[in-house]
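S.K.: Structure, please.
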Amino acid sequence: APQTSPPPAALPAAPQPYAPPTPISYARPPRPAVGDPVHIDELGKTPDSPPTQTDLNYEARIRGSFASAQGMQGPLDGRWVLRGLDGAALYDLQLVDKNNGVLEGAWRDPRRRAAADASGFVDVIERTGGAVTARFQIRANGQQAQLSLSFQGDGAWSGDLTEGGERRAVTMRRE
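M.R.: Numbers count the residues shown, from 1 in each chain. Model prediction:
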């Protein structure tokens with residue numbers, strides 16, 4: 001009878017390299033870098049959770065900074081709309097009234113929205129007591145608008161606007 005040999009024994013497996021066990025960490029995960037997106041669930045709170053002391057401190061600093069900046073502005077600071085007696089908007093004005101009495105401004109003509117020269121800077125603006133005068137170039141050809149207003153006491157200003165040699169009564173209110 002033919003003699004058979006047993007199958008060759010399998011070679012032993014190579015030993016695995018040693019890897020130390022991963023320590024258990026109870027620390028919070030690292031915060032994302034500035035500019036990385038942050039998801040609300042990564043912060044450990046939900047939009048419905050009450051604000052933390054850090055949130056309250058941050059909001060108080062923001063409100064304090066805003067109040068301080070507003071305290072440095074004068075009464076004409078902000079957006080105003082100049083209207084004719086018929087109520088139609090003639091100019092939108094954005095004024096900066098620094099607390100030191102310096103006025104600056106920009107204007108936009110809502111009647112000529114598509115025109116390239118339908119906005120610009122106020123060339124001259126002055127406040128003397130309860131009166132404001134301003135002058136700005138309203139057309140590329142050098143045509144000017146002149147504004148003379150008096151304070152009315154209810155937050156509104158009224159007076160005259162002269163543009164293109166035509167004078168009309170106007171009112172200006174904060175928007």
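
S.K.: alpha carbons only for contacts and neighbour counts from here, please
M.R.: OK.

S.K.: Make sure Ile138 is actually in contact with Gln144.
M.R.: Yes. Counting by Cα atoms under 8 Å, Ile138 does reach Gln144; the two are 5.4 Å apart.

S.K.: Compare these two (neighbour count), which wins?
M.R.: Set Ile138 next to Gln144 and count neighbours by other Cα atoms under 10 Å: Ile138 wins out with 22 against 16.

S.K.: how about that one, what does it touch?
M.R.: Ile138 makes contacts with 117-120, 144-145, as judged by Cα atoms under 8 Å, 6 or more residues apart in numbering.

S.K.: Quick check: phi and psi at it.
M.R.: phi -100, psi -10 (degrees, to the nearest 10).

S.K.: Check Asp154 too.
M.R.: Torsion angles, degrees, to the nearest 10, at Asp154: phi -100, psi 20.

S.K.: residue ranges for the helices of this structure, please.
M.R.: 53-71 (DSSP state H).

S.K.: number of nearby residues for the residue nearest to Leu95 when sequence neighbours are not counted?
M.R.: Nearest non-adjacent residue to Leu95, counting by Cα to Cα, 6 or more residues apart in numbering: Gly105, 4.3 Å away. When counting by other Cα under 10 Å, one arrives at 20 neighbours for Gly105.

S.K.: looking at it, Gly105 is touching Leu93, isn't it?
M.R.: Yes. Counting by Cα under 8 Å, Gly105 does reach Leu93; the two are 6.8 Å apart.

S.K.: And the strands in this protein?
M.R.: 78-84, 89-97, 103-108, 119-121, 124-128, 131-137, 144-151, 157-163, 166-174 (DSSP state E).

S.K.: Rebuild those as CSV, extending it with distance to Gln53 and mean pLDDT.
M.R.: Below are the strands of the chain laid out as CSV (distance: least, Cα to Cα, whole Å; pLDDT from 0 to 100):
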stretch, distance to Gln53, mean pLDDT
strand 78-84, 33, 94
strand 89-97, 35, 93
strand 103-108, 40, 93
strand 119-121, 44, 92
strand 124-128, 45, 91
strand 131-137, 46, 93
strand 144-151, 45, 94
strand 157-163, 45, 94
strand 166-174, 37, 94
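
S.K.: Roughly how far does Leu56 sit from Pro21?
M.R.: Per Cα to Cα, to the nearest Å, Leu56 is found 42 Å from Pro21.

S.K.: For those two, indicate the residue with more neighbours.
M.R.: Taking other Cα under 10 Å, Leu56 and Pro21 do not tie; Leu56 has more neighbours (12 against 6).

S.K.: pLDDT wise, what is that one at?
M.R.: At Leu56, the pLDDT value in this model is 89.

S.K.: again, but for Asn100
M.R.: 74.

S.K.: now do Pro15
M.R.: pLDDT, read off for Pro15, is 75.
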